[in-house]
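Enquirer: generate a structure from the sequence data that follows.
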Amino acid sequence: MCNPFDGTQLCAQVDPDLFFPEGWGNFKSNIAQAKALCAQCPMLSACRTYSNETVGLYGVWAGEWRDGRGYVSPAPYPTTNRKVA
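Expert: Sure, this is the predicted structure:
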């Protein structure tokens, strides 16, 4: 498995919370911004390969939402501030 990250990719140049949002605050907005940044990144292909080969990723990786269990989801939900029954 190859790690494509060397600090020059676009995600390394912004606040990481954009890619790993928690709570209901700006959750959807942050994810949309992160995905838009990924779409412009020259490392997108390498990042997608890395994220497909790496188990347990959470957040936006290669323009896709990863839920931490190996699933890619188009409609993520916040991981905190939810009421527990």
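
Enquirer: going forward, measure contacts between C-alpha atoms and count neighbours the same way
Expert: OK.

Enquirer: for Leu44, grab the count of nearby residues.
Expert: Neighbour count of Leu44, defined by other Cα atoms under 10 Å: 19.

Enquirer: list the contacts for it?
Expert: By Cα atoms under 8 Å, 6 or more residues apart in numbering, the residues touching Leu44 are 38, 62-63.

Enquirer: what do you get for Leu57?
Expert: Residues near Leu57 by Cα under 8 Å, 6+ apart: 51, 66-70.

Enquirer: quick one: least confident helix or strand in the protein?
Expert: When each helix and strand of the chain is scored by mean pLDDT, DSSP states H and E, strand 72-73 comes last, with a mean of 72.

Enquirer: just the pLDDT for the residue most central in space within the chain.
Expert: In the chain, the residue lying closest to the centroid (Cα atoms, centre = their mean) is Val60, at 1.0 Å. On the pLDDT scale, Val60 is placed at 92.
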